[in-house]
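Participant: Here is a sequence with its predicted model. Questions after.
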Amino acid sequence: MRFFKPTVVAIALLSVMGCQEPVKQEAQTVALDTEIQKQAYGLGASIGMYMERNLEEHNKLGLVLDKTLIIRGFTDSMDGNSQIEKEDIQALLMNLDQAMKAKQQEQATVSSETSLAEGQKFLAENAEKEGVQVTESGIQYEVLTAADGEKPVATDTVKVHYKGTFLNGETFDSSYERGEPAVFPLNRVISGWTEGVQLMSVGAKFKFTIPAELAYGPKGNPPRIPGNSVLQFDIELLEIQEPAAPAQVGDK
């Protein structure tokens with residue numbers, strides 16, 4: 001259940017609370033006998049869950065704040081005894097937000113440069129492997145399961161099973177894991193997919209290695225895919241779906 005919509009200042013405050021390593025304390029049972037008690041506890045729990053979701057990312061940024069001061073500021077403010085004026089708090093949190101964005105940009109730049117170098121090296125080596133074919137645009141593919149069925153065109157809607165991985169083998173997306181094939185217009189995905197899947201017949205399974213410029217480019221697809229990432233996909237073409245019949249005049 002969503003208990004409240006945090007303000008910008010509240011979100012910033014709750015986010016930075018995740019920067020401090022948690023101090024394990026023995027859990028103390030509290031009375032949760034009435035609906036209002038449960039609602040109060042749930043409000044606090046929703047804040048805690050928000051902080052937990054952000055903890056890992058903030059630790060990576062290296063912005064460690066004193067948890068004791070954060071809790072003290074929170075309770076003092078609730079009691080109307082804040083030691084810092086509201087206007088100053090807003091300025092401080094804006095500065096913190098800018099520092100976080102600068103750290104994120106710095107990490108993104110380093111990651112993008114690393115991905116570019118690693119991707120170029122991998123593509124050059126992979127192209128020399130037996131069974132790997134390279135298109136004029138630079139897409140590399142291997143035929144894992146051949147088929148002689150119909151091939152789609154860019155304007156078709158296709159049904160596929162797929163698994164997407166980084167060059168280190170880590171899976172970032174998989175219809176297999178979701179237990180349901182994906183259906184989409186072929187001209188509404190990354191250009192590497194649009195071109196590559198047109199090489200496949202229904203029933204075939206290919207392994208594609210897609211250069212960054214035919215995937216998500218220098219900017220990547222934050223937060224999951226860094227800029228300049230060469231991506232690999234195992235794709236199984238299950239079906240080319242027929243377009244819906246146009247409505248006839250007089251149909252209701």
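Facilitator: Here it is on my side, so go on.
Participant: From residue 168, how far out is residue 178?
Facilitator: According to CB to CB, to the nearest Å, residue 178 and residue 168 sit 22 Å apart. Bear in mind the C-beta positions are built from the backbone N, C-alpha and C, glycine included.
Participant: Where does pLDDT dip in the stretch 101-250 of the chain?
Facilitator: By pLDDT under 70, the weakly predicted segments of the stretch 101-250 of the chain are 243-250.
Participant: show me where it has strands.
Facilitator: Taking DSSP state E, counting those that start in this stretch, the strands of the stretch 101-250 of the chain run over residues 133-134, 140-145, 157-165, 171-174, 182-185, 205-210, 231-241.
Participant: Buried deepest among those strands, which one?
Facilitator: Stretch with highest mean neighbour count among those: strand 205-210 (a mean of 22; mean count of other CB atoms under 10 Å).
Participant: So what touches that one?
Facilitator: Residues outside strand 205-210 that contact it (CB atoms under 8 Å, 6 or more residues apart in numbering): 122-123, 126, 132, 139-145, 190, 192-193, 196, 199-200, 230-237.
Participant: Who are the contact partners of the spatially most central residue of the chain?
Facilitator: What sits nearest the mean C-alpha location of the chain, by CA atoms, centre = their mean, is residue 224, with 3.5 Å. By CB under 8 Å, 6+ apart, the contact set of residue 224 is 172-173.
Participant: how does it look with 10 Å?
Facilitator: 164, 166, 172-173, 216 (CB atoms under 10 Å, 6 or more residues apart in numbering).
Participant: for residue 194, same thing?
Facilitator: Listed by CB under 10 Å, 6+ apart, the contact set of residue 194 reads 152-154, 185-188, 214.
Participant: try residue 163
Facilitator: 171-177, 207, 232-236.
Participant: Would you check that residue 234 makes contact with residue 173?
Facilitator: No - counting by CB atoms under 10 Å, residue 234 stays clear of residue 173, with 11.3 Å between them.
Participant: what touches both of the two?
Facilitator: By CB under 10 Å, 6+ apart, the residues touching both residue 234 and residue 173 are 162-165.
Participant: tell me the two of those residues that are most distant?
Facilitator: By the measure CB to CB, 162 and 165 form the most distant pair in those, at 10.3 Å.
Participant: Quickly list what's touching both of those two.
Facilitator: With CB under 10 Å, 6+ apart, residue 162 and residue 165 have common neighbours 173-174, 233-234.
Participant: Show me what the longest helix seen in the chain is packed up against.
Facilitator: Ranked by residue count and defined by DSSP state H, the top helix of the chain is helix 86-126. Packing contacts for helix 86-126, counted by 3 or more CB pairs under 10 Å, 6 or more residues apart in numbering; DSSP states H and E, involve helix 8-17, helix 35-61, helix 67-78, strand 140-145, strand 205-210, strand 231-241.
Participant: Would you mind putting the ones you listed into TSV with distance to residue 89 alongside?
Facilitator: Converted to TSV, these look like this (distance: least, CB to CB, whole Å):
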stretch	distance to residue 89
helix 8-17	7
helix 35-61	18
helix 67-78	8
strand 140-145	53
strand 205-210	47
strand 231-241	43
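Participant: of all those, which lies closest to residue 115?
Facilitator: Closest to residue 115 of the helices and strands packed on helix 86-126 is strand 231-241 (CB to CB; 10.2 Å).
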